[in-house]
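Asks: sequence and predicted model, in that order:
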Amino acid sequence: MRGWLAALAQERRMAANTVVAYERDLRQFLAHLAVRSGPPTIARLIALKPRDIRAFMAARRADEIGGRSLMRALAGLRSFAKHLEREGHGTVAALGAVRSPKVERRLPRPLPVAAAKALTDADLHADTEREPWILARDAAVLALLYGSGLRISEALGLLRRDAPLPGIDAVTVLGKGSKQRMVPVLPVVAEAVAAYLAACPHALPPEGPLFVGAKGGPLSPRIIQYAVARARGALGLPDSATPHALRHSFATHLLARQGELRAIQELLGHASLSTTQLYTKVDAARLLSAFEAAHPRAGRIAAGLDPVQL
């Protein structure tokens, strides 16, 4: 198992969170087998029957584990089985006979343009409890999420030497699977980063993180999530207004303004175009909603229509 985990992280360059989840899923599966038939061995894994896999999936469903988590668990087990096969231990044929659970892909939930802009405004976050440099820091991070479409881990992974300052129109980030990509930096985003650096009281070495916490250490994503949660109340936004929703908003708003799908895929760092295509459904659903609200006969015309058909 340790060899498999090392291969996932080093050879396949899987995200650290995915490796941790795969390890947890495999341990749960092995614990399940231990309860049913004693300590698991490689020989027992090779001899598994489809019903053994289905019993594990049923047990996880009984624990109220969702379809997405079950699909990930099955993917992890198959990955481990392939590792065993590559190492010459044999084939776990049972896994090939079990179908992955069907999971409906949830549509991204972007913010309205005005709300997305407001979340990146340092003045909105102003209060008597937090220092001005911290407000500037939070605004700069959120500006990168909405202005450049970064994941929060990508923004917080930037080094001081790579700070996108005025005059710099692109920055290279390290995305999922340790894949690098270059994203554009709008002048307003660069100005937000510059304002943060001008106000930051801590010395930031070139090889250190660009964004730091109150004591000068690496900034935790939870701090940014908390800042957005506070702003939600001020703006009257739903719980779906999260830091990641700004990334969704970046893609949806670009698409609404005739952005090219392949270009948006590259900007977001999606490995598959099908992931980016989800934003076309969001845009179509918004068009239908606006149509139903504005057209006097929309109640009869739009009934039963798939938003994607419009």
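Replies: Structure's in. What do you need?

Asks: now A214, what's its secondary structure?
Replies: What DSSP: H, G, I helix; E, B strand; the rest coil gives for A214 is coil.

Asks: contact partners for W133?
Replies: Y196, A199, C200, P201 (Cβ atoms under 8 Å, 6 or more residues apart in numbering). C-beta here means a position set from N, CA and C on the backbone, and glycine is covered the same way.

Asks: mind checking which of these are buried?
Replies: Buried members of the contacts of W133, scored by 16 or more other Cβ atoms under 10 Å, are Y196, A199, C200.

Asks: got the contact list for R78?
Replies: L95.

Asks: any idea how far it is from D25?
Replies: R78 sits at a distance of 11 Å from D25 (criterion: Cβ to Cβ, to the nearest Å).

Asks: what do you get for L235?
Replies: With Cβ to Cβ as the criterion, L235 and D25 are 38 Å apart.

Asks: more neighbours: the two, which one.
Replies: D25 (23 against 15; other Cβ atoms under 10 Å).

Asks: check that one and give its pLDDT.
Replies: pLDDT, D25: 94.

Asks: any idea how far it is from A47?
Replies: Taking Cβ to Cβ, one finds D25 at 21 Å from A47.

Asks: just give the number of residues close to the closest residue in space to G76 that isn't next to it in sequence.
Replies: Leaving aside its sequence neighbours, G76 sits nearest to Y22 (Cβ to Cβ, 6 or more residues apart in numbering; 3.8 Å). Look at Y22: counted by other Cβ under 10 Å, it has 22 neighbours.

Asks: how about Y22, secondary structure?
Replies: Assigned with three-state DSSP, Y22 falls in the helix class.

Asks: ok, now V173?
Replies: Applying three-state DSSP: V173 is strand.

Asks: before we move on, the earlier item: in helices, which of the buried ones among the contacts of W133 fall?
Replies: Judged by DSSP state H, those include Y196, A199 as members of helices.

Asks: let's have the buried ones among the contacts of W133 in JSON lines, adding pLDDT and distance to H253.
Replies: Shown next, in JSON lines, are these (pLDDT from 0 to 100; distance: Cβ to Cβ, whole Å):
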{"residue": "Y196", "pLDDT": "96", "distance to H253": "24"}
{"residue": "A199", "pLDDT": "95", "distance to H253": "28"}
{"residue": "C200", "pLDDT": "96", "distance to H253": "29"}
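
Asks: so how far is P40 from P50?
Replies: 17 Å.

Asks: okay, and for the stretch 1-150 of the chain, where does confidence drop off?
Replies: 103-108, 122, 124-128 (pLDDT under 70).

Asks: at 80 what do you get?
Replies: 13, 101-111, 121-129 (pLDDT under 80).

Asks: any idea where the helices of it begin and end?
Replies: Along the stretch 1-150 of the chain, the stretches classed as helices by DSSP state H, counting those that start in this stretch are 2-10, 16-37, 42-46, 50-62, 67-86, 113-119, 132-148.

Asks: any idea which of those gets closest to G208?
Replies: helix 132-148 (14.3 Å; Cβ to Cβ).

Asks: in the stretch 151-300 of the chain, which spans are strands?
Replies: Assigned by DSSP state E, counting those that start in this stretch, the strands in the stretch 151-300 of the chain fall at 170-174, 180-184.

Asks: before we move on, the earlier item: most tightly surrounded among the helices of the stretch 1-150 of the chain?
Replies: Among the helices of the stretch 1-150 of the chain, ranked by average contacts under mean count of other Cβ atoms under 10 Å, first place goes to helix 132-148 (a mean of 24).

Asks: chain center to that helix, what's the gap?
Replies: 18 Å (Cα atoms, centre = their mean, to the nearest Å).

Asks: circling back: just put the helices of the stretch 1-150 of the chain in a markdown table and tack on distance to S240.
Replies: Formatted as a markdown table, the helices of the stretch 1-150 of the chain follow (distance: least, Cβ to Cβ, whole Å):
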| stretch | distance to S240 |
| --- | --- |
| helix 2-10 | 31 |
| helix 16-37 | 21 |
| helix 42-46 | 41 |
| helix 50-62 | 26 |
| helix 67-86 | 17 |
| helix 113-119 | 11 |
| helix 132-148 | 15 |
